[in-house]
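K.L.:
I'll drop the sequence and a predicted model, then ask my questions.
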Amino acid sequence: MAGDQSVPVGQSDVDDWFDDEALEQYRKAANVAYEVSKKKTEDAGEQERQTIGKGAAEQRESARQSQEFAERDEARDYSQAQKARRF
């Protein structure tokens, strides 16, 4: 009879692949894997936020320096123009 399935040793039914202890171990392992993955994702998000914050700070500093240089150049040019008018 090809349709007959024998119950393996240690199982109470053909579909009884895991006992309660094995299922609990599987749940624990799956939970550990989930927590590790969650922690990695949180760490990656924190690193991304730090990178974005650092880039924004550098951009603001660069803009501030550009503004200072432009103001100094404008003051120099104005001074030179005033001196040229006197001659």
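P.N.:
Thanks, I have the structure now.
K.L.:
distance of Tyr78 relative to Ala84?
P.N.:
11 Å (C-beta to C-beta, to the nearest Å). In short, each C-beta sits where N, CA and C put it, glycine included.
K.L.:
any common contacting residues for the two?
P.N.:
Counting by C-beta atoms under 8 Å, 6 or more residues apart in numbering, Tyr78 and Ala84 have no shared contacts at all.
K.L.:
which helix or strand contains Ser6?
P.N.:
Using DSSP states H and E, Ser6 is not contained in any helix or strand.
K.L.:
now for it, how many residues are close by?
P.N.:
Residues lying near Ser6 (other C-beta atoms under 10 Å) number 7.
K.L.:
gap between it and Ala57?
P.N.:
70 Å.
K.L.:
pull the CA atoms of stretch 46-64 into CSV?
P.N.:
C-alpha atoms of stretch 46-64 as CSV (Å, rounded to 0.1, in the frame of the first residue of the first chain):
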residue,chain,number,x,y,z
GLU,A,46,21.4,55.8,13.9
GLN,A,47,24.5,55.8,11.8
GLU,A,48,22.6,57.3,8.9
ARG,A,49,21.2,60.1,11.1
GLN,A,50,24.6,60.9,12.4
THR,A,51,26.0,61.0,8.8
ILE,A,52,23.2,63.3,7.7
GLY,A,53,23.7,65.5,10.7
LYS,A,54,27.4,65.8,10.1
GLY,A,55,26.9,66.6,6.4
ALA,A,56,24.4,69.3,7.3
ALA,A,57,26.8,70.8,9.8
GLU,A,58,29.6,70.8,7.3
GLN,A,59,27.3,72.4,4.7
ARG,A,60,26.3,75.2,7.1
GLU,A,61,30.0,75.8,8.0
SER,A,62,30.9,76.0,4.3
ALA,A,63,28.0,78.4,3.6
ARG,A,64,29.1,80.6,6.5
